[in-house]
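Asks: Pasted the sequence and its predicted model underneath.
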Amino acid sequence: MDRLQSMRIFSKVVEQGSFARAAIAMEMSNAVVTRYMADLETHLGTRLLNRTTRKLSLTETGQIYLERVRQILADIDDADAVASYSAKKPSGTLRIYSHPSFGRSQLAPLIPKFAKEFPDIILDVRVTDRNIDLVEEGIDIGFFLDLQKIDSSMIARKLVTSEVLLCASPDYIKKYGAPKNAEDVSNHKCLNFGYDFMRDNWAIQGVRGQPASPKQIPIHSCVISNNADILRECAVAGMGLVLRPSVMLGDDLSSGRLVRIFPEYLLGEVSISMVYPSRRLLSAKVRNFVNFISANYPHPDVDAWLVQASA
């Protein structure tokens, strides 16, 4: 039995959700795929998949085995890439994950620049606020907020710091006025993320340059959403105050679509890190992308969006 081929077929069957679709994807007959899977389970002495006429599902053993198989296949592909191509001409598919806060405003403009420099690399970019496991989902590099859970076995490079800002549109301020102080925020319409810990209150850590004096300010939300883009659009439309990291609002501040309120208050900060599996040998595609991103963010403790908005 070809163990490596069996692993590839098993991984493809799970990815495609059926033997038939896996056979098509791998340009094999359904009978060959079925035989490989049967031989693999016989060799291991355990069932990897639960089969019904309508769907497949992994057994508990199958889930554990799949995670290791994906890691093995990724390492083999990386080793092949390093052996086959020089560092000056990396190739293959580079799978990237990003939290929306970074992906849409920052990563998106960088992708064309990287692609122009490395045309033989195929970029598979996934932007979602779902917290994912890089190894389990076969992702080479991820961009995470520090609020997200990151596996301690991963390499994490802090790229930049993003300060949390309170903002409103000029139209909102013209119609309702700006809050006179932190407590006055309670008298304004607020656009709020749907997390339980901030649904009814916004946190203030203190005044810049003074000892910390954290407090919770009660708020009245006119819009609650789990999508940051919706909250930003509502803020630009003049519907209320919004409290979000500068990474989400920097362009709106620079253009004047939003105005920062209470810059003297400390409202918290969020850091963004580039994360990738800790492997002894990085492929050329991963190594070049890591170097490219690092060069674009040489000052990890600087809020680049506030610098841009103040320029």
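Replies: Now that the structure is in, tell me what you want to look at.
Asks: Number of residues surrounding V223?
Replies: If you count neighbours by other Cβ atoms under 10 Å, V223 ends up with 16. Backbone N, C-alpha and C define where each C-beta goes, glycine included.
Asks: thought it was touching L191?
Replies: Yes. Using Cβ atoms under 8 Å, V223 makes contact with L191 at a distance of 4.8 Å.
Asks: Okay, helices next: where are they in this structure?
Replies: In the chain, the helices defined using DSSP state H lie at 3-16, 19-25, 30-44, 60-84, 100-102, 108-117, 170-176, 228-236, 246-255, 284-296, 304-310.
Asks: Show me which residues of stretch 91-107 are buried.
Replies: For stretch 91-107, burial by neighbour count (16 or more other Cβ atoms under 10 Å) applies to 91-92, 94-107.
Asks: quick one on the thing from earlier: give me the common contacts of V223 and L191.
Replies: In terms of Cβ atoms under 8 Å, 6 or more residues apart in numbering, V223 and L191 are both contacted by the residues L231, C234, M239, G240.
Asks: ok, of those residues, which one's closest to L147?
Replies: Proximity of the shared contacts of V223 and L191 to L147 (Cβ to Cβ) peaks at L231, which lies at 16.0 Å.
Asks: tally of neighbours for the closest residue in space to the closest one that isn't next to it in sequence?
Replies: Counting by Cβ to Cβ, 6 or more residues apart in numbering, L191 is the residue found nearest to L231 once chain neighbours are left out, at 4.7 Å. Other residues lying near L191 total 25 when counted by other Cβ under 10 Å.
Asks: Does L191 touch V242 like I think?
Replies: Yes. The criterion here is Cβ under 8 Å, and L191 meets it with V242 at 4.5 Å.
Asks: so what's the residue lying closest to S11 once chain neighbours are set aside up against?
Replies: Nearest residue to S11, sequence neighbours excluded (Cβ to Cβ, 6+ apart): V69, at 5.6 Å. Listed by Cβ under 8 Å, 6+ apart, the contact partners of V69 are M7, F10, S11.
Asks: try L145
Replies: With Cβ under 8 Å, 6+ apart, L145 has these contacts: H99, S101, F102, V270, S271, I272.
Asks: Make a markdown table out of these and add distance to K175.
Replies: Below are those laid out as a markdown table (distance: Cβ to Cβ, whole Å):
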| residue | distance to K175 |
| --- | --- |
| H99 | 33 |
| S101 | 28 |
| F102 | 33 |
| V270 | 30 |
| S271 | 35 |
| I272 | 34 |
